[in-house]
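1. Next come a sequence and a model predicted from it.
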Amino acid sequence: MAKINGNEIRPGNVLEHNNGLWVAVKVDHVKPGKGGAFAQVEMKNLRNGSKLNERFRSADKVEKVRLDQKDQQFLYENDGMLVFMDTETYEQIELPADILGERRPFLQDGMTIQIEYHESEALNASLPAKVTCVVEETEPAVKGQTAANSFKPAILDNGMRIMIPPFIDVGQAVVVHTETMEYSERA
């Protein structure tokens, strides 16, 4: 593991702090008029999901942890647990369904997602950047409503509500950004 200075912390970095593994969610670099500069870091615990706000001065040393990433295939959900399989060794692991948070509906059967490990412990899972979904419900396009930034609400086949352009109808496939949960393009 590498030690980094407090001012080198970036969002997404995984740190070992207070005998736990934390991911930096938000980092603000503050330069007060009096005293030295510091980084105000909002962190989330990878094991239990608790949050912590911490100040790190540039002289503070922090342990930066490197997580191993493996592509694994989603098999099924069982009693609030998601079951994934390593496509090389065929080993199966279970992770709680809430590990994906509000992005959980975008997980599809057979989808390959990236799971991050620290030593042999699975800590995090991330979906592909874009997912294809089918529009199940939307309003019909209103004639003449072709303004550049006009959108209409739609419900996708996974139950998610997003805004789509007026030219897309029920039954058409669309590509959705999983990070922002917004329409990207027609599939």
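-> Happy to help now that I have it. These numbers come from a predicted model, not from an experiment.

2. Could you list every helix and strand in contact with the worst-scoring helix or strand of the chain on mean pLDDT?
-> Least confident helix or strand, the chain: strand 121-126 with a mean of 83, by mean pLDDT, DSSP states H and E. With contacts defined as 3 or more Cβ pairs under 8 Å, 6 or more residues apart in numbering; DSSP states H and E, the packing partners of strand 121-126 are strand 92-96, strand 112-118. Just so you know, the C-beta spots here come from the backbone N, C-alpha and C atoms, and that holds for glycine as well.

3. Not counting the longest one itself, show me its contacts.
-> Counting by Cβ atoms under 8 Å, 6 or more residues apart in numbering, strand 112-118 makes contact with 14, 21, 46, 65, 67-74, 84, 87, 93, 95, 107, 122-128, all of which sit outside it.

4. Give me the sheet partners of that strand and which way each runs.
-> Applying DSSP bridges, strand 112-118 is found paired with strand 68-78 (antiparallel), strand 121-126 (antiparallel).

5. Please identify the most buried of those strands.
-> Mean neighbour counts were compared across the strands paired with strand 112-118 using mean count of other Cβ atoms under 10 Å; the top stretch is strand 121-126, at a mean of 16.

6. Quick one: distance of that one to the chain centre.
-> 11 Å (Cα atoms, centre = their mean, to the nearest Å).

7. Low-confidence ranges, this protein, go.
-> Counting by pLDDT under 70, the chain has low-confidence residues at 1, 143-148.

8. can you list the domains in this protein?
-> For the chain, automatic domain parsing gives the domain ranges 2-65, 68-126, 130-186.

9. Next, the distance between the ends of the shortest one.
-> Read that as domain 130-186. 12 Å (Cα to Cα, to the nearest Å).

10. now swap in the first one and tell me
-> Its start and end residues considered, domain 2-65 measures 7 Å (Cα to Cα).

11. try the second one
-> Taking Cα to Cα, domain 68-126 runs 13 Å from one end to the other.
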